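Undergrad: Got a sequence here, can you model it:
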Amino acid sequence: MNGSVRSSAGLIWRHQRLVWWIFAVNLGVAWVSSLSVRATLRTVLDLSLESAKLVKGFDFSTLVLLTERPDVSPRALAPDAIVAALLFVIFLLFIDGGVIAVFLDDRKLSRSEFFENSGLYFWRMVRMAIYSIVPFGLLIAADGSAAKLAGKLASNVPQDWVGFAVNVGSKLIIVVLALFVRLWFDLAQALVVRDNERKVLGTLRRSLTLAFRSGKLFASYIGIGLFAAATFGIGAGIWFFLPHSATSASFLILEIVTVTQIALRLWLKAASARWIALLPDEVAPTFSLPVRENQTLVEGLTDVQPPLPDPPMSE
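TA: All right, here's what the predicted structure looks like:
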């Protein structure tokens, strides 16, 4: 278990084609969702000098002013973006079974094996995703309540730092709890695939107990989460300070950030799958024959005579 972080990183490296598959689908879905945006912007910017600020670079203030126009409102462009996001989420839920099977066995599955596992566990992954809305929704509600409390403290308490400290501290706690919930459901997914569990709620109860006992695995989740936040911040900072004319460099930086975040998310899944793969079964599997086979077996045994003792040897 001590090398779970390194071993799970090795899983990602050996099966990096999963990262590139997800990245390619993400890029394709993003391109399709941008078609309606480009069609809408073309009618507004084709005859405008303001288009140069977006064609030859990326001027954020120009984009903000553009979205304030009634014919280019975010509400009109939101449906396509929502549909694209839902399609990508469905794709991720579909391949979850195949991805976890790859991490559990640490071998390259054939295309038929991969999609067979993906289809076999798809609805169970969907059910777990629906169940995960409850704890994540509670964390979002708690974050909103903590933000309101911090705002009241900042207004009513003489020390200004109190509200700021409450706001920062509550958000850190919420992030840690969110990582714990993520660990909880990742362990449940790995258990479902390893044991072919059909009772999702029972598996969630079992994985919650395992999550509390995970110890170093949860510490690994926190470390990987911090690394993901750091790489995202560095990439976003580089993108923000690039000149507007560096369109190619901006696109490259954003795609590097995207593929890095995908790899780090798979790293979390690989760590939980590796932990479950090394975890012994709590109950040894028992196999029972059907009734007819048992009856045939018993009847067959009654026809077999016990071996007779050897006759005594004559002197």
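Undergrad: Pull the number of nearby residues for I262.
TA: Other residues lying near I262 total 18 when counted by other C-beta atoms under 10 Å. Every residue, glycine included, has its C-beta placed from N, CA and C.
Undergrad: packing partners for the helix or strand encompassing it?
TA: Using DSSP states H and E, I262 sits within helix 247-277. Judged by 3 or more C-beta pairs under 8 Å, 6 or more residues apart in numbering; DSSP states H and E, the packing partners of helix 247-277 are helix 4-14, helix 17-45, helix 74-105, helix 160-195, helix 216-241.
Undergrad: Redo those helices as TSV? Include mean pLDDT.
TA: Shown next, in TSV, are those (pLDDT from 0 to 100):
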stretch	mean pLDDT
helix 4-14	85
helix 17-45	84
helix 74-105	87
helix 160-195	91
helix 216-241	92
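Undergrad: among those helices, which is nearest A277?
TA: Proximity to A277 (C-beta to C-beta) singles out helix 74-105 among these, at 5.0 Å.
Undergrad: Skip ahead from the closest one and say which helix or strand is next.
TA: helix 111-120.
Undergrad: Residues contacting that next one, please?
TA: When contacts are defined by C-beta atoms under 8 Å, 6 or more residues apart in numbering, helix 111-120 is touched by residues F94, I95, D96, G97, G98, I100, A101, V102, L109, V193.
Undergrad: next one: stretch 126-145
TA: Residues from elsewhere that reach stretch 126-145, judged by C-beta under 8 Å, 6+ apart: 89, 93, 170-171, 174, 177-178, 181, 184-185, 188-189, 192, 200-201, 204.
Undergrad: OK, contacts around the most centrally placed residue in the chain?
TA: With distances taken as C-alpha atoms, centre = their mean, R265 lies nearest the centre of the chain, 5.6 Å away. Contact analysis of R265 by C-beta under 8 Å, 6+ apart lists A228.
Undergrad: Could you do I262 as well?
TA: V19, I22, F23, N26.
Undergrad: hmm, back to that, now neighbour count and distance to I12 too, for the contacts of helix 111-120, in CSV please.
TA: Converted to CSV, the contacts of helix 111-120 look like this (neighbours: other C-beta atoms under 10 Å; distance: C-beta to C-beta, whole Å):
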residue, neighbour count, distance to I12
F94, 16, 20
I95, 23, 15
D96, 24, 15
G97, 24, 18
G98, 23, 15
I100, 27, 13
A101, 22, 15
V102, 26, 11
L109, 17, 16
V193, 26, 17
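Undergrad: Pick out whichever of those sits closest to A9.
TA: The closest of the contacts of helix 111-120 to A9 turns out to be V102 (C-beta to C-beta; 14.8 Å).
Undergrad: can you give me the offset of stretch 182-192 from its chain's centre?
TA: Between the centre of stretch 182-192 and the centre of its chain there are 10 Å (C-alpha atoms, centre = their mean, to the nearest Å).
Undergrad: what's the angle between the strand or helix carrying K152 and helix 160-195?
TA: Assigned by DSSP H and E, K152 belongs to helix 122-156. Orientation note: helix 122-156 sits at an angle of 170 degrees relative to helix 160-195 (axes from the mean of the first three to the mean of the last three C-alpha atoms, to 10 degrees).
Undergrad: Much appreciated, bye for now.
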